[in-house]
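S.K.: output the structure for:
(2 chains)
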Amino acid sequence: MELSIPAPSTVPDETSSSIRPEEAELVARLQAGDDAAFETLVRQYGGRLLAVARQIVGNETDAHDALQDGLITALRAIDRFEGRSKLSTWLHRVVVNASLMRLRSRRRIRETSLDELLPKFLADGHQAAPTPSWSDSALALIEQEETRAAVRAAIDRLPDDYRSVLVLRDLQELDTATVAEMLAITPANVKVRLHRARQALKTLLERLLGSPERAARRDQP
Amino acid sequence: MMLHYTCQQVLDYLSDYLERSLPAEELVRLDEHLAVCPECVDYLNNLQLTLSAARAAYGERETIEPIPEPVVAAILAARRLAPPNVGRGKNETN
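M.R.: Alright, predicted model coming up:
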């Protein structure tokens, strides 16, 4: 399956500045087939791009493969890079596309059914179960590495279609129209998936960030 | 007071509410509901904390870790196996 390459016109122009001189030189060397330039590209941009791939695919092995696919694809398409956006922005888009392709090509086995994680309602529209207030210390908790690891694991449990939207919108901070284009869905669909993904993640984090004391008080007759 | 929105409708709109992308009329209806429904306020607060937790979970990591050497080696090896015209001049991939 061929990876899609962001056309120059669709690359988000996140800054009004043109390509930096050192990037232009690297691109020229890549276009000339300089092997050392490719290694420079891999080392210079690989760490950040690997983090992006890891967020989308949810595991290390697939992230390595997605990064490799993306960088080889970028090299194949380097002649189309015209310097209208930053090289890092263009590479980001290529690796995101490669990561999404990897998601589509595999079957996930650990993901959680989304319906189980969405709120339930009574016939009159009220919540079927009360929402517990989270711990007063939740804000401090989320900065701890142990909690951060648990949150990453929870994000990994979301179904691919929902996790990818959450990662692209909330973590990569791409806008709705860009995400819709990347995923080949409508902007309205992006918004629906994003909201459900956030709700599902909230449910997955209840045990981690919920307050047992408050829950106990609430459960008392 | 008769509320325009049920809890179910309010919860459906909370992402738009957080992103301030609701039309003024719907914003008023949501605020009207939230003013008298502590459970929906709790839900809204927890949803905000969820977003903060997701961002904190990945916040520093991506800028700290360099690409592991085995991954570099694998990518360079894959490059050597790629077709010989990769990155070898204009118009070859267009």
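
S.K.: from chain A, which residue is nearest to chain B?
M.R.: The minimum distance from chain A to chain B, using CB to the nearest CB, falls at residue A:125 (2.6 Å). For every residue, glycine as well, the C-beta is placed using N, CA and C.

S.K.: part of a helix, is that residue?
M.R.: No - under DSSP: H, G, I helix; E, B strand; the rest coil, residue A:125 falls outside any helix and is assigned coil.

S.K.: for it, give me its contacts.
M.R.: The contact partners of residue A:125, by CB atoms under 8 Å, 6 or more residues apart in numbering or on different chains, come to B:6, B:7, B:8, B:9.

S.K.: go again with 10 Å.
M.R.: By CB atoms under 10 Å, 6 or more residues apart in numbering or on different chains, residue A:125 lies in contact with B:3, B:5, B:6, B:7, B:8, B:9, B:10, B:11.

S.K.: can I get those residues in a markdown table with pLDDT?
M.R.: As requested, the contacts of residue A:125 are exported to a markdown table (pLDDT from 0 to 100):
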| residue | pLDDT |
| --- | --- |
| B:3 | 72 |
| B:5 | 89 |
| B:6 | 92 |
| B:7 | 94 |
| B:8 | 94 |
| B:9 | 93 |
| B:10 | 95 |
| B:11 | 95 |
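
S.K.: tell me the buried residues within those.
M.R.: Buried members of the contacts of residue A:125, scored by 16 or more other CB atoms under 10 Å in any protein chain shown, are B:5, B:6, B:7, B:8, B:9, B:10, B:11.

S.K.: so the first one sits against residue B:30, correct?
M.R.: Yes - applying CB atoms under 10 Å, one finds residue B:5 in contact with residue B:30, separated by 6.6 Å.

S.K.: any idea what sits nearest the residue in chain B that chain A sits nearest to, other than its immediate chain neighbours?
M.R.: Using CB to the nearest CB, the closest approach of chain B to chain A is made by residue B:6 at 2.6 Å. With CB to CB, 6 or more residues apart in numbering or on different chains as the criterion, residue B:6 has its nearest non-adjacent residue at 2.6 Å, and that residue is residue A:125.

S.K.: any residue of the lengthiest helix in chain B up close to chain A?
M.R.: In chain B, with assignment by DSSP state H, the single longest helix is helix B:38-58. Yes - interface with chain A: helix B:38-58 contributes B:38-58 (CB under 10 Å from any CB of the partner chain).

S.K.: could I have the buried ones of those as PyMOL selection syntax?
M.R.: To isolate the buried ones among these in PyMOL, judged by 16+ other CB under 10 Å, type:
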select buried, chain B and resi 39+40+41+42+43+44+46+47+49+50+51+52+53+54+56+57+58
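
S.K.: what's around residue 33, how many residues?
M.R.: Just so you know, I chose chain A. 16 (other CB atoms under 10 Å in any protein chain shown).

S.K.: actually chain B
M.R.: As a burial measure, residue B:33 scores 19 neighbours (other CB under 10 Å).

S.K.: go on, residue A:40?
M.R.: Using other CB under 10 Å, residue A:40 is surrounded by 14 other residues.

S.K.: I figured it hits residue A:71, correct?
M.R.: No - applying CB under 10 Å as the test, residue A:40 and residue A:71 come out as separate, 11.8 Å apart.

S.K.: so does stretch A:69-78 get close to chain B?
M.R.: Yes - against chain B, stretch A:69-78 shows contacts by CB under 10 Å from any CB at A:69, A:70, A:71, A:72, A:73, A:74, A:75, A:76, A:77, A:78.
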